[in-house]
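S.K.: Got a predicted model here, sequence first, then my questions.
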Protein chains: 2
Amino acid sequence: MQNSHKGILIVISGFSGSGKGTVIHELMKNPRYALSISATTRKPRVGEEEGVHYFFKSKQEFQSMIEHKELLEWAIFCDNYYGTPRQYVEEQLFNGKDVILEIEVQGALQIKEIFPECVLVFLTPPSFDILRQRLEQRKTENASIIEKRLYRAKEELEFMYDYDYIVINDILSETIINVKNIIQAEHCKTARNQIFIEKLKGE
Amino acid sequence: MQNSHKGILIVISGFSGSGKGTVIHELMKNPRYALSISATTRKPRVGEEEGVHYFFKSKQEFQSMIEHKELLEWAIFCDNYYGTPRQYVEEQLFNGKDVILEIEVQGALQIKEIFPECVLVFLTPPSFDILRQRLEQRKTENASIIEKRLYRAKEELEFMYDYDYIVINDILSETIINVKNIIQAEHCKTARNQIFIEKLKGE
């Protein structure tokens, strides 16, 4: 018998260059995890499917979701709305899936407020020197963009204490294990096993 | 790079028959864990070694340890004092060992008060029926002792909410993994990584 069958919402943030994308891609190989799907008002690009890549919404639909508190967080980028529909997350959790949600710090803190039982995980490289090296090795960004990303990382650093866990992404395989361990350990948290305790008390 | 190199104190409690002993025996095969050693005023039995099985103390020495707050918890059983010396635990933690301490609920709660950074893990069988079966299968206790143990378990149940984690000991190998995951996840807790965060901030 496993502890706490209901899924857990795991919110992952991290500096640009921390390796979030790779970590989440690896986690998704395990069918017990589901990826949260965002809603957006931006038009679908070629190959993007409704309910797979995004839930595509009109501005009116999106605003109605905001009004009816159907989003765990939302924000506007380049005139488009983006947000996390609560219903999809809750359906997955109810089906016993642990839901992984990648988002920047402001969004993560919004979610924690609305959904306090979620777990906030911050992914970080071992040092800023290594972060700089990783950004330089990508060879997709010029020097000025790298400086901007490092500056942004310094800002995000201030929010690390709001996270539940800090995972230092040095060796990818160890990072994946650490994130999986965190999720598994969270299933054993007493607060997530109230039904089991009450069942024992009733015996 | 691993998160938080300092060890963590893991306090394990559980009903009589929950399989604590076996779980701890299995954990001890990993050299990264150290077992806490109790101090006692009882006389050493044949084969018991000072600093291995117990720290043997006179009543006067033990009372002095109480006065000088050198114990994380203590109690009296059958006219003998038993307690957990703080110094030994802290030495092991400083050396990066995770310290495992098996104790009943009152002792565990004493320790949490004095040493709030410890982690309380409660080990439980999946149900009271299974607990009864396990106690009966031991064939070392008669029916009246089994009833007493079950009654005691019902009392201990009231303290489960004071624990950080509940591990349901159904399949031993899974239980061991769950306890190890909890310890590993605890090393990633933000509160245990302040030095790392402050180092990043200083870069």
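M.R.: Thanks, I have the structure now.
S.K.: how near is the closest residue to A:Gln63 other than its chain neighbours to A:Pro44?
M.R.: Once flanking residues are discounted, A:Gln63 sits nearest to A:Tyr81: 8.0 Å by C-beta to C-beta, 6 or more residues apart in numbering or on different chains. All C-beta atoms are positioned from the backbone trio N, CA, C, and that covers glycine. Computed with C-beta to C-beta, to the nearest Å, the distance linking A:Tyr81 and A:Pro44 is 14 Å.
S.K.: ok, the two, which is more surrounded?
M.R.: Set A:Tyr81 next to A:Pro44 and count neighbours by other C-beta atoms under 10 Å in any protein chain shown: A:Tyr81 wins out with 22 against 12.
S.K.: That one contacts A:Leu71, correct?
M.R.: No. Counting by C-beta atoms under 8 Å, A:Tyr81 sits too far from A:Leu71 to count as a contact (9.3 Å).
S.K.: got any residues that touch both of those two?
M.R.: Common contacts of A:Tyr81 and A:Leu71 (C-beta atoms under 8 Å, 6 or more residues apart in numbering or on different chains): A:Ala39.
S.K.: Look at A:Ala75 and give its secondary structure.
M.R.: strand (DSSP: H, G, I helix; E, B strand; the rest coil).
S.K.: For the nearest residue to it once chain neighbours are set aside, give the beta-bridge partners.
M.R.: Closest residue in space to A:Ala75, ignoring its immediate chain neighbours: A:Tyr82 at 5.8 Å, by C-beta to C-beta, 6+ apart. Beta-bridge pairing of A:Tyr82 under DSSP bridges involves A:Thr40, A:Ala75.
S.K.: Could you tell me which residues make contact with A:Tyr82?
M.R.: Contacts of A:Tyr82 by C-beta under 8 Å, 6+ apart are A:38-40, A:42, A:74-76.
S.K.: change it to 10 Å
M.R.: Shown in contact with A:Tyr82 (C-beta atoms under 10 Å, 6 or more residues apart in numbering or on different chains): A:38-42, A:54, A:62, A:71, A:73-76, A:103, A:107.
S.K.: Now a PyMOL select for only the buried ones of the residues you listed.
M.R.: Filtering those down to the buried ones (16 or more other C-beta atoms under 10 Å in any protein chain shown) takes a single PyMOL command:
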select buried, chain A and resi 38+39+40+41+54+62+71+73+74+103+107
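S.K.: Can I get the contacts of A:Tyr82 in CSV including pLDDT?
M.R.: Shown next, in CSV, are these (pLDDT from 0 to 100):
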residue, pLDDT
A:Ser38, 95
A:Ala39, 96
A:Thr40, 96
A:Thr41, 97
A:Arg42, 94
A:Tyr54, 94
A:Phe62, 97
A:Leu71, 97
A:Glu73, 95
A:Trp74, 96
A:Ala75, 94
A:Ile76, 93
A:Ile103, 94
A:Gly107, 94
